[in-house]
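Q: this one's structure only:
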């Protein structure tokens, strides 16, 4: 089974422009993320997929591999689908460029999902981590996920799910971590399938897979890390890195 990592890297970002090029203790965020993915030793190859010459040159100077996007894309999954279309690979791990704190144990769990899926019924695997802080649960920048009793995703939302109508019921809340593992065929399907209203409304690309009946296996991890979406997140990341 050939497994590669793809890191989509767009220069512009609505909440924090050029965030991937911000300094994180001596190196840009995107370089830190690329190095973290490489150092896990889990992948046959690691590529940064970008529409930015600045990011491409930065990755090349850091000794990494990059692929330039040839088209405009609505999502990171679309960007990766274009890049791997002619590659001979089985599993593609989408590592978000703003997650420099990714670590080997969680990624290995996601890959293991496919090694154990002999019938090849699982289309995607992803990570979730428990959250208890209500401010984070209500934060629309935090994507939440609910799963069935076998750990398959039922829905993703920026709203609190499940809604606490009965506060006496102790239902867990999970944050979706932006790491996806795709079978190649599922990723190729993604770019051909038009966006539907639920995905467009929530701005969560994983919803497209659910709307078209794909099976997403969620893997729980206790590792939270720091996703760099805002200048405040970057300040936290710099403190944590030290």
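A: Arrived safely, thanks for sending. Nothing here was measured: the structure is a model prediction, and the numbers come from that model.

Q: Let me see the residues that make contact with the helix or strand of the chain with the lowest mean pLDDT.
A: Across the helices and strands of the chain, mean pLDDT, DSSP states H and E gives its lowest value to helix 76-84, namely a mean of 87. Outside of helix 76-84, the residues within contact range by Cβ atoms under 8 Å, 6 or more residues apart in numbering are 4, 6, 8, 10, 47, 49, 51, 67, 69-71, 73, 92, 94, 96, 180, 182, 184, 187-188, 190-191, 205. The C-beta positions use only the backbone N, C-alpha and C, and glycine is treated the same way.

Q: partners of the top strand by length along the chain in the sheet?
A: Secondary structure of the chain per DSSP state E: the longest strand is strand 173-183. Sheet pairing here is set by DSSP bridges, and for strand 173-183 it gives strand 91-95 (antiparallel), strand 124-131 (antiparallel), strand 144-147 (antiparallel).

Q: what's the angle between that strand and helix 76-84?
A: 20 degrees (axes from the mean of the first three to the mean of the last three Cα atoms, to 10 degrees).

Q: what's the average pLDDT for the helix or strand immediately after strand 173-183 in the chain?
A: Once the chain leaves strand 173-183, the next helix or strand it forms, by DSSP states H and E, is helix 184-192. If you average the pLDDT over helix 184-192, you get 90.

Q: Are there helices or strands packed against the very next helix or strand once past helix 184-192, and which ones?
A: Reading on from helix 184-192 to the C-terminus, the next helix or strand found by DSSP H and E is helix 197-202. Applying 3 or more Cβ pairs under 8 Å, 6 or more residues apart in numbering; DSSP states H and E, we find helix 197-202 packed against helix 206-211.

Q: Give me the average confidence score over the helix it packs on.
A: 94.

Q: other SSEs contacting that helix?
A: strand 124-131, strand 153-157, helix 184-192, helix 197-202, strand 216-220.

Q: measure the residue lying farthest from the centre of the chain to residue 31 for me?
A: For the chain, the residue at maximal distance from the C-alpha centroid (Cα atoms, centre = their mean) is residue 168, at 33.0 Å. Separation of residue 168 from residue 31 (Cβ to Cβ, to the nearest Å) stands at 48 Å.

Q: Out of the helices and strands packed on helix 206-211, flag the one nearest residue 237.
A: Of all these, it is strand 124-131 that lies closest to residue 237, at 16.7 Å by Cβ to Cβ.

Q: Would you enumerate the residues in contact with residue 5?
A: 37, 42, 43, 45, 46, 47, 92, 93, 95.

Q: what about the first one, how many residues close to it?
A: Taking other Cβ atoms under 10 Å as the neighbour definition, residue 37 ends up with a count of 27.

Q: thought it was touching residue 100?
A: No: assessed by Cβ atoms under 8 Å, residue 37 is found out of contact with residue 100, at 9.5 Å.

Q: what's the burial count for residue 47?
A: Residue 47: 24 neighbours (other Cβ under 10 Å).

Q: residue ranges with poor pLDDT in this structure?
A: 14-15, 73 (pLDDT under 70).

Q: who touches the helix or strand where residue 48 lies?
A: Per DSSP H and E, residue 48 falls inside strand 45-50. Applying Cβ under 8 Å, 6+ apart, the set of residues contacting strand 45-50 from outside is 4-11, 30, 34, 37-38, 55-56, 59, 64-69, 79-80, 82-83, 97.

Q: From those residues, list just the buried residues.
A: 4-11, 30, 34, 37-38, 55-56, 59, 64, 66-67, 69, 79-80, 83, 97 (16 or more other Cβ atoms under 10 Å).

Q: Phi and psi next, for residue 231.
A: Residue 231 adopts backbone torsions of phi -60, psi -30, taken as degrees, to the nearest 10.
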